[in-house]
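**Q** Sequence plus predicted model, see below.
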Amino acid sequence: MRAPGGMADLAMVGMPMPWGSDGALLMFAMWAVMMVGMMLPSALPMLLLYQQVLRKRTPTPQRHWALLLFSLAYVLVWSAFSLLATLLQWGLEQLALLSPAMRSQSAGLGAGLLLVAGVYQWLPSKSACLKRCRGPLQFLLGYWRPGILGGWRMGLAHGLYCLGCCWALMGLLFVGGVMNMLWVALLGGFVLLEKTLPGGPWLGRLGGLLLVGWGLLLLGRAAAA
């Protein structure tokens, strides 16, 4: 992203991103790296606990493969989301709704993303997914699968719960700007705190209220303009 002639430079000079095959692959790679970088820190407690359990239950060669496949399956889930995010970005750019920094230029789009993310923070599906992301031990007890393929299946399950927990928050990247590293860090930090702090669920709900308020404020300003 920061390499000379890369996406950050293109955004700063106001040039539209190319959407040939090379440009599309580069954009997908950016999303995949960014998603893994944002989500892996919050998944570390799960990975560390799974590694400890494997040491007691699984022979050494299988143990390493099971942990590797668990991690790869988790990354695969977020890579699939990255593909969808890339397609969404392409569609928004075709509609001229994004700036060169990949930030919403539409008050309606920005408000919609904020309201969706804010409301989702209070839905039962969010709570269910967050509960499984916050409780590595409970997840292992409920979803344990032995062997190498068991690691793959468990990694997919954990990745899907993590995706179910955070997909709406990731949509906020289009609000603050995909190229805004401070905004990316703030979202990643919020996800980490929501999953690890004792009061994480209530932090998430409070954040949801703030997001809804922000979205309504944008709609009010747009209506008054």
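**A** Thanks, I have it. Numbers count the residues shown, from 1 in each chain.
**Q** Below-threshold pLDDT in this protein: ranges please.
**A** 1-18 (pLDDT under 70).
**Q** now the helices for it?
**A** Under the criterion DSSP state H, the chain contains helices at 7-12, 21-57, 60-94, 107-120, 124-134, 136-143, 147-170, 173-176, 181-196, 200-224.
**Q** Nearest to Pro100, out of those helices?
**A** Among the helices of the chain, helix 7-12 comes nearest to Pro100, with 4.6 Å by C-beta to C-beta. To be clear about C-beta, it is placed using only N, CA and C from the backbone, and glycine gets the same treatment.
**Q** got the contact list for Leu49?
**A** Pro136, Leu137, Leu140 (C-beta atoms under 8 Å, 6 or more residues apart in numbering).
**Q** let's see it at 10 Å
**A** Contacts for Leu49 were tallied using C-beta atoms under 10 Å, 6 or more residues apart in numbering; they are Pro136, Leu137, Phe139, Leu140.
**Q** Could you tell me which of those residues count as buried?
**A** Pro136, Phe139, Leu140 (16 or more other C-beta atoms under 10 Å).
**Q** mind putting these in JSON lines, distance to Gly164 included?
**A** Formatted as JSON lines, the buried ones among the contacts of Leu49 follow (distance: C-beta to C-beta, whole Å):
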{"residue": "Pro136", "distance to Gly164": "16"}
{"residue": "Phe139", "distance to Gly164": "13"}
{"residue": "Leu140", "distance to Gly164": "18"}
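**Q** Between those, which sits nearest Tyr161?
**A** Phe139 (7.7 Å).
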